[in-house]
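> next input, structure requested:
(5 chains, ligands or ions: 4)
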Amino acid sequence: GQDEEKDSGNGTDQEEFHYAMSGLYKPFNFKEGGKLKGFDVEIGEALAEKMGMKPVAVTNPWETLIQGLQAQKFDAIIGSMTITEERLKSVNFTEPYYRSGAQIFVAENNQDISGQADLKGKKIGVVKASTYKELALQNTKKTNIVEYDSDITALMDLPTGRLDAVITDQMVGLPIIKEGAIKIKDVGEPMTHDDQGIAVRKDDHELLKKLNKALDEIIKDGTYEEISKKWFGRNILGE
Amino acid sequence: MITISNLVKSFGPQTVLQGIDLTVTEKEVVVIIGASGSGKSTLLRCINFLEVFDKGEISIQNKKIVPEETNLNKVREEVGMVFQHFNLFPHKNVLENIIEAPVHVKKMDKAMAAEKALQLLEKVGLRDKAYAYPSNLSGGQKQRVAIARALAMEPRIMLFDEPTSALDPELVGEVLQVMKQLAKEGMTMVVVTHEMGFAREVADRIVFMGDGKILEEGPPEQFFTNPQHAKARQFLNRVL
Amino acid sequence: MITISNLVKSFGPQTVLQGIDLTVTEKEVVVIIGASGSGKSTLLRCINFLEVFDKGEISIQNKKIVPEETNLNKVREEVGMVFQHFNLFPHKNVLENIIEAPVHVKKMDKAMAAEKALQLLEKVGLRDKAYAYPSNLSGGQKQRVAIARALAMEPRIMLFDEPTSALDPELVGEVLQVMKQLAKEGMTMVVVTHEMGFAREVADRIVFMGDGKILEEGPPEQFFTNPQHAKARQFLNRVL
Amino acid sequence: MIIILDIFLNTLDVFPRAALLTLRLTVTSLLLGCFIGLIIAFFRISSNKLLNYVATVYIGLIRGTPLIVQIAILYFGIASIVTFSQFWAGALALAIHNGAYIAEIFRGAIQAVDRGQMEAARSLGMSYPLAMRRIVLPQAFKFSIPPLGNQFIIGLKDSSLVAYVGMAELWGSGLSEAASNYRQLESYIVVGFYYLALVMLFSFLLKKLEKRMSLDTKLLD
Amino acid sequence: MIIILDIFLNTLDVFPRAALLTLRLTVTSLLLGCFIGLIIAFFRISSNKLLNYVATVYIGLIRGTPLIVQIAILYFGIASIVTFSQFWAGALALAIHNGAYIAEIFRGAIQAVDRGQMEAARSLGMSYPLAMRRIVLPQAFKFSIPPLGNQFIIGLKDSSLVAYVGMAELWGSGLSEAASNYRQLESYIVVGFYYLALVMLFSFLLKKLEKRMSLDTKLLD
Ligand SMILES: Nc1ncnc2c1ncn2[C@@H]1O[C@H](COP(=O)(O)OP(=O)(O)OP(=O)(O)O)[C@@H](O)[C@H]1O
Ligand SMILES: Nc1ncnc2c1ncn2[C@@H]1O[C@H](COP(=O)(O)OP(=O)(O)OP(=O)(O)O)[C@@H](O)[C@H]1O
Ligand SMILES: [Mg+2]
Ligand SMILES: [Mg+2]
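Ligands and ions are numbered 1, 2, ... in the order given. Predicted structure coming up:
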């Protein structure tokens, strides 16, 4: 439990940096053997080091991440959150820490859907409170959209036939296809190019400044590239 | 009519019937008496195969009944039973109680069954209660309905297990009256009762049970005036 | 000792006590009798303030008790009560039952309370049951413990509400014996009972209640041999 | 307060429909659950050791694990055999859950019917199934009305857990709503009121039914 | 089957610890719940109209809405007043939920103690609180052991719902595990077994306790 983290490392008197994610978004953030792992987790650790703080990664349900941030349950969200106008009303974002795109995934044996044009009237799964819901709405009726807690659960429901397609980040689906863990495939071009940012509270200008500075530093000194290569085999910062 | 030989029945370690031999002939009225726990009810329930017995034989109408082979439901149609606690069906009215089995077991036409039920109710003096529910009847009325219900299946034998002992004293008479009438009409009856007056007046034979055995039997005059077995004397001293 | 004047008590629409006037003097034994439902228990419970009465006054030891102003717990310390159903505390043994109130209400030293409790048990003949639990006592023993428990608070008055009517007949004597002893020692007592023999022998005065009123009172000799009120005569005819 | 009222008014196109879905889900799963429950109850009272064992294990598994775990397992487990729509997958999961509890209700009710009723029926020549159907079950049914009603209300609340598999019933809609208006607390309170209203409605109907029944059962002896 | 065993063995560093957290959560929330329950039970039996009303509304709200909705509301509601750690926020939410059910258990148990006990105690000069504490409550406590044990088992299973607020107890860990090994069904079955083991353990302990208690209560009259 995260409650134990407070008393875990009092050897140093470093200030703690609590950053949150859903923990259900492999390979960006997920738990293995009870330990949080993934790209987001390591970015957070690298940033904390630059800021001279002690990193503490925590999980929180995706749909309540912003609420949790505002309730001061943690200091920042490093959870693969896309920067949107809507979200900017509630929180501030750092510069993008990676760029990705929304991708359509379908069951491996699906022959009907080969791109965005085929989504009309299809049952589409997305994660709750995601930007992908808006994308889905552009292509199908509201009643055809099924919302999940986790992208992985949504993808799992493709082979069962309960869903025709899932829209989520390309980086989430591609490793699964590579592992062959769920029988799915990606179709068509990425639908968007999204900037992913680190969210902080609106009034927390100091942390925003420090995070942007630290982000710049890890990109410049190659730490970022190292982490990115480890998880994706390439640099996902993009342009 | 009924021939029982060497009937043995145990509940767990306790042997409740220890080899009963008993014959009941056509139109005979046999009254079984004995102390509480002596096995009277168990014997009656065995005759109706409501209890599975361990050893022995029961023949009804000269046919040996083997529980595994015989359709016991058919046997039970021939053997009516009246219980101490009436066991009327509370969710059905008096008429429905009576026609339930004729209609659903004998597949009798409903209207015909109802007509016959009303005749039976007439006979037990409850014609006007045909549409009452059991909860609105007195104990004596309930028991008379229960008798009519059993008679509706036109059984050849009627078993009564203490039919009056759950009744207020002032209601006992009306039930005994119906039973006497039945005996007079020639029904074969086996009656467990504590009503010694009834036994004396109506029984053709008294069977006295103790400890799961028949200790003494004989015509009522002889049994009541000159009981042979010590336990019978003791019992009579207590109840008379 | 106790002065009750114009006591009125209703339960909903039913007026159970319709203006009771009664005085009990020091060391007097008053026995209240009357038909079931006449208000005897209610009167007793009012004296102990277990019931809130509607009108009237009760003074104890010449002090008028106003329920809102007086510490009723203090009053109850002075007025012991024995109930028909004993109401022993089942999770405590006999000794603990007796010392419970002295220790926790009067803050008496535990050892001292226990010593006194043993003396009281001696008095009611149950010294050897000090460590038994209520469930292992007979009804008569329970009631004697209940009396000892009430006495342990050293009350000035003892109220008894049918202390023997929940007992098997053969156990009534032992409880009455203890009560007689108590009366002989000069305890002020108000007793509701159906034991006419006890009333006749021990009472200084009989109070006869009917319909929530005191219909007649007087010394037992006079009351039992020559009752004035028609209802009293009727009542005595029934119970004697 | 104003925010809550605001959200309430703004969601009038969403939540009432979601409440209907919740109701449909509840009623469907309870009816299916009664069916399962009746069968399992017969297994429990049967003298057949195997049937008995099946019923005991089933009830033990269901009562020994959280509903959310059961829903998750059934949702994916059933999918590997046959594909149901989301609604039916959810309803079936709830029905299998409720079935265990309803089985115990029916068993209790059947055993609460006086043994003399079965004996009297048998002594009239009725077969066991006939006696069960015509004499025992109608009486048992009356005994089971109050606990069944209670189970219905529990089932209504429990249906919120199928939001986990993405169903847009009341709670699922509440989650979506809150995620898009960033007013979690207030949105959840509005959802809570919908549930409360449904539960109160059902408690009320239930009490009426019970009163009517108890008038009827005055006829019982 | 092999996959299940595999997952079981691979998660031996996760799930047993998660099970412990589930236990801690359950015990903490039940103890807190007993405390809340006792107070609310007194409110319910009190003659004070206001306290009575408070208790009735509290119990009605809790029993009229799904636990998941309550957890969500309390998690964010409490957060807007005072910040608790995740553990305490979850435990408190469960406690407030269980408190309502436990209050009804205690109320029933107190009312099951013979009225004569209170009267006898009062007649000996004991004050109401003293009589309640020394005479009525010890007896009520015995009556409430079986339903409390039952509530404990319900609470154990219900604790799975705090996974919603991100706690890594059994079910939360199961979700995480499944999201990383892509083996949902099998992971959930493993979690189910952990719950089953805990529930069976507690049922067993409970039966022992009840047996011991019933030996004790032979001493009651
Ligand atoms: N179903 C049962 N299981 C165990 N023991 C039983 C059962 N039915 C009866 N017995 C026992 O068998 C013995 C005989 O019982 P039975 O009812 O036949 O006696 P009875 O002569 O009818 O007595 P009563 O006059 O009290 O009705 C008793 O000791 C009784 O306890
Ligand atoms: N708590 C109560 N609520 C309502 N009515 C009550 C209550 N207690 C007593 N009564 C009614 O008050 C009347 C007098 O009761 P009470 O117990 O004082 O009579 P009693 O003379 O002691 O009778 P008994 O000899 O049966 O004990 C009765 O009609 C009774 O039903
Ligand atoms: Mg018998
Ligand atoms: Mg009285």
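> make it CA atoms for all contacts and neighbour counts henceforth
Fine.
> any idea whether D:Trp171 is helix, strand or coil?
Put simply, D:Trp171 is helix when judged by DSSP: H, G, I helix; E, B strand; the rest coil.
> low-confidence ranges in chain A?
Chain A contains residues with pLDDT under 70 at A:1-12, A:239.
> ok, and the closest non-adjacent residue to the closest residue to chain E within it?
At 4.6 Å from chain E, A:Asn60 is the closest residue in chain A, using CA to the nearest CA. Once flanking residues are discounted, A:Asn60 sits nearest to E:Gly166: 4.6 Å by CA to CA, 6 or more residues apart in numbering or on different chains.
> residue 141: what's its closest spatial neighbour, skipping adjacent residues?
Defaulting to chain A. Distance criterion CA to CA, 6+ apart; nearest residue to A:Lys141, sequence neighbours excluded, is A:Gly121 at 6.6 Å.
> that's the wrong chain, I meant chain D
Once flanking residues are discounted, D:Phe141 sits nearest to D:Ala109: 7.1 Å by CA to CA, 6+ apart.
> kindly report the same for B:Asn62.
Excluding its sequence neighbours, the residue lying closest to B:Asn62 (CA to CA, 6+ apart) is B:Met1, at 6.6 Å.
> please apply the same query to D:Phe15.
Leaving aside its chain neighbours, D:Phe15 sits nearest to D:Leu170 (6.3 Å; criterion: CA to CA, 6+ apart).
> spit out the contact partners of that neighbour.
By CA atoms under 8 Å, 6 or more residues apart in numbering or on different chains, the contact list for D:Leu170 reads D:15, D:18-19, D:21-22, D:160, D:191, D:194-195.
> on that earlier part again, show the pLDDT at the residue nearest to B:Asn62.
Predicted confidence (pLDDT) for B:Met1: 84.
> among the contacts of D:Leu170, which lie within helices?
D:15, D:18-19, D:21-22, D:191, D:194-195 (DSSP state H).
> so the residue most central in space within chain A is in which element?
Chain A has A:Ser80 as the residue nearest its centroid, 2.5 Å off, counting by CA atoms, centre = their mean. Under the criterion of DSSP states H and E, A:Ser80 resides in strand A:76-82.
> now do the strands in chain A.
Taking DSSP state E, the strands of chain A run over residues A:16-21, A:24-25, A:29-32, A:35-37, A:54-59, A:76-82, A:91-93, A:98-100, A:102-107, A:124-127, A:145-148, A:165-169, A:184-187, A:194-201.
> kindly reformat the ones in helices among the contacts of D:Leu170 as a markdown table containing neighbour count, pLDDT and distance to B:Met209.
As requested, the ones in helices among the contacts of D:Leu170 are arranged in a markdown table below (neighbours: other CA atoms under 10 Å in any protein chain shown; pLDDT from 0 to 100; distance: CA to CA, whole Å):
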| residue | neighbour count | pLDDT | distance to B:Met209 |
| --- | --- | --- | --- |
| D:Phe15 | 23 | 94 | 75 |
| D:Ala18 | 21 | 94 | 72 |
| D:Ala19 | 20 | 95 | 69 |
| D:Leu21 | 18 | 95 | 68 |
| D:Thr22 | 26 | 96 | 66 |
| D:Val191 | 25 | 95 | 72 |
| D:Tyr194 | 21 | 97 | 69 |
| D:Tyr195 | 24 | 97 | 66 |
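> ok, back up a step: mind listing what the residue nearest to A:Lys141 touches?
Contacts of A:Gly121 (CA under 8 Å, 6+ apart): A:139-141, A:144.
> one more time with 10 Å, if that's ok
A:139-145, A:164 (CA atoms under 10 Å, 6 or more residues apart in numbering or on different chains).
> ok, for the residue nearest to the spatial centre of chain D, nearest residue in space, not its chain neighbours?
In chain D, the residue lying closest to the centroid (CA atoms, centre = their mean) is D:Leu30, at 3.7 Å. Sequence neighbours aside, D:Ala95 is the residue nearest to D:Leu30 in space, at 6.0 Å (criterion: CA to CA, 6+ apart).
> and the next helix or strand past the helix or strand where the one you found lies?
D:Ala95 is part of helix D:86-112, with elements assigned from DSSP H and E. Counting by DSSP H and E, the element after helix D:86-112 in chain order, helix or strand, is helix D:115-123.
> against which helices or strands is the helix or strand following that next one packed?
On the C-terminal side of helix D:115-123, the closest following helix or strand by DSSP H and E is helix D:128-131. Using 3 or more CA pairs under 10 Å, 6 or more residues apart in numbering or on different chains; DSSP states H and E, the elements in contact with helix D:128-131 are helix B:94-104, helix D:115-123.
> I am finished for the moment; much appreciated.
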